Each structure stands twice: as structure tokens, then as C-alpha cells.
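Engineer: Predicted model, plus sequence, below.
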Amino acid sequence: MTIMRSNDIAMKKNKTCIKLVLLLLFPEYRVDFLPTSIMISRTLDNKKENHLIDVNNFNIFKQILCEMFCLNNLSSSQDKYNPGGPQAKALV
């Protein structure tokens, strides 16, 4: 979560990318960066709904995203993911 406090140009680009991904995941919500968290909020039927991603729930949120996008196996070994098999290797 150190990305929230950084003023580095690369970090600002990462922050923009994070915001875009969150907006794709939660299109009806507004995404705001706070000093130590990300707030996702919306107003529905005149009721404000706020959700925070912070150090307390970041690992759970990350795990859910990894499961949703099948990223768990990719991070452990690149050899496991081979959709083309030997034919794909022959093309390279």
C-alpha cells in the first residue's frame, strides 16, 4: 500500500492503472485514494455506500482477484501454463 504515499512518476502511473482496473471491476463506484487506503463508494437510493481496501483486508482482496482471474498458478511457475503444448514451442 506504499503506492498511496509516493510521488514518483512511475508510481503515479501505477496508481492510474490501479484506478482503471478498479473502475472496470466496480463500474458503478467512485474510486478515491486516501493516504493509507483506497475508498470505493457509490450513492444508491440516496444512501452512501463506502468500502475501504486497506492493510487489514488487502490480502483477502488480492486473493479474491487471483482466484477470479486464475492467477494463483501463474505466479508459482511459468512452466505449468502452456496452452499450446509442444506445437506452440515449435512455432518459436
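Structural biologist: Alright, I've got the coordinates. Numbers count the residues shown, from 1 in each chain.
Engineer: the bottom helix or strand of the chain by mean pLDDT?
Structural biologist: The helix or strand of the chain with the lowest confidence, counting by mean pLDDT, DSSP states H and E, is helix 72-76 at a mean of 62.
Engineer: any idea how far residue 18 lies from residue 31?
Structural biologist: Going from residue 18 to residue 31 by CB to CB, to the nearest Å gives 8 Å. In this view, the C-beta of every residue, glycine as well, is placed from N, C-alpha and C.
Engineer: Give me the common contacts of the two.
Structural biologist: Common neighbours of residue 18 and residue 31 (criterion: CB atoms under 8 Å, 6 or more residues apart in numbering): residue 38.
Engineer: what about the strands in the protein?
Structural biologist: Using DSSP state E, the strands of the chain run over residues 30-34, 37-44, 47-53.
Engineer: Mean pLDDT, mean neighbour count and distance to residue 72 for the ones you listed - can I get that in a markdown table?
Structural biologist: Shown next, in a markdown table, are the strands of the chain (pLDDT from 0 to 100; neighbours: other CB atoms under 10 Å; distance: least, CB to CB, whole Å):
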| stretch | mean pLDDT | mean neighbour count | distance to residue 72 |
| --- | --- | --- | --- |
| strand 30-34 | 95 | 13 | 25 |
| strand 37-44 | 95 | 15 | 22 |
| strand 47-53 | 96 | 12 | 19 |
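Engineer: Can I get those strands in TSV including distance to residue 66?
Structural biologist: Rendered in TSV, the data for the strands of the chain read as follows (distance: least, CB to CB, whole Å):
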stretch	distance to residue 66
strand 30-34	20
strand 37-44	17
strand 47-53	15
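Engineer: nearest to residue 14, of the ones you listed?
Structural biologist: Comparison of those against residue 14 by CB to CB identifies strand 30-34 as nearest, at 11.2 Å.
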